[in-house]
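**Student:** Just a sequence and a predicted model for now, questions to come.
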Amino acid sequence: MAKLTKKQKAVEGKIDPNNHYGVAEAIGLVKSLATSKFDETVEVAINLGVDPRHADQMVRGVVNLPKGTGKDVRVAVFAKGDKAEEAKKAGAETVGAEDLMEAMQGGDTNYDRVIATPDMMGIVGRLGKVLGPKGLMPNPKLGTVTPNVGEAVKAAKSGQVEFRVEKAGIIHAGIGKASFPEADLKANFDAFVDAIVKAKPTGAKGKYVKKVALSSTMGPGVRLDLEEIAGA
C-alpha cells in the first residue's frame, strides 16, 4: 500500500469518514481542503433511489445557480438569419447551420451547451450519435430547443446547470469554485438540491435522496447529514 504524503495525511486527519456533516461545515471543509494551484470546482454527488433504466424513474432537468458556476461556458447555436444574430449578440462562441453540423461531425464538439431553434432540428437530428453520448443534444424540455436563443445563451453563461441521473442512480454537478464565499456555495447548493427534489419522478419508490457528498476537484468527499437537507 502506497504511503500517504504529508498533504494527504493532513487532509485525512480533517475528515471523519464515519461522520455526516452539516452543509455549512461541509462547505467550509471542502474549501479548506482545496489546496491545488488552480481554482478547484466544488462538486456535489447525490445518490438517488431510482433506476434510470425505467422511463418513469429518469431524473433530468436544468437549474439556475443564483451565484453562477465560475466556469467559462462555451455555447454553440444552430440558427439562421435574425436568430443567428441574436445568438451572436448574446455571446455564443459559434453560430451556424449545415456548416456547424459538418464541423461537429468532423469532431468539433468542444462545447458545454448546444442550443437550436426549432426549425434547425432537422439538421441537428443528424448529430444524435455525436452529441447524444456527450449529453449535448438539444432538448425542448431542457430549454435548449427554443426560439428564444438569446435568452438561452445568456442563461447558459450565467449559471444554468443541466443535470441527469447516471446508470447507478447518481447525479454529479459542479456548483461553483473553491474561491467562492461559503455563503455563495451554500446558495448554489440549496438551489441545486431543491431542483433535484422537485424533479422526483413518479416511479421513484422508497427513499429518494440516499446520500449526498461534497468535494473539490482534487479533494476527498465529505458526506452530508441528510436531516439538514429539505425533502431528502
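**Tutor:** Here it is on my side, so go on.
**Student:** how far does stretch 152-172 stretch from start to finish?
**Tutor:** This stretch, stretch 152-172, spans 22 Å end to end (Cα to Cα, to the nearest Å).
**Student:** does the most centrally placed residue in the chain count as helix, strand or coil?
**Tutor:** Geometric centre of the chain, nearest residue: A173, 3.8 Å, by Cα atoms, centre = their mean. When classified by DSSP: H, G, I helix; E, B strand; the rest coil, A173 comes out as strand.
**Student:** Just give the number of residues close to K71.
**Tutor:** Residues within reach of K71, counting by other Cβ atoms under 10 Å, total 14. To be clear about C-beta, it is placed using only N, CA and C from the backbone, and glycine gets the same treatment.
**Student:** Surely it and F180 touch.
**Tutor:** No: counting by Cβ atoms under 8 Å, K71 sits too far from F180 to count as a contact (11.5 Å).
**Student:** Name the residues contacting each of those two.
**Tutor:** Listed as contacting both K71 and F180 by Cβ atoms under 8 Å, 6 or more residues apart in numbering is no residue at all.
**Student:** Tell me what A45 is bridged to.
**Tutor:** Beta-bridge partners recorded for A45 (DSSP bridges): H172, A213.
**Student:** what's around it, how many residues?
**Tutor:** Neighbour count of A45, defined by other Cβ under 10 Å: 15.
**Student:** change the start of the numbering to 271 and stick with it
**Tutor:** With 271 as the first residue, the last one maps to A315.
**Student:** picking up where we left off before, so what's the residue nearest to the centre of the chain up against?
**Tutor:** Per Cβ under 8 Å, 6+ apart, neighbours of A443: 313-314, 431, 433, 462.
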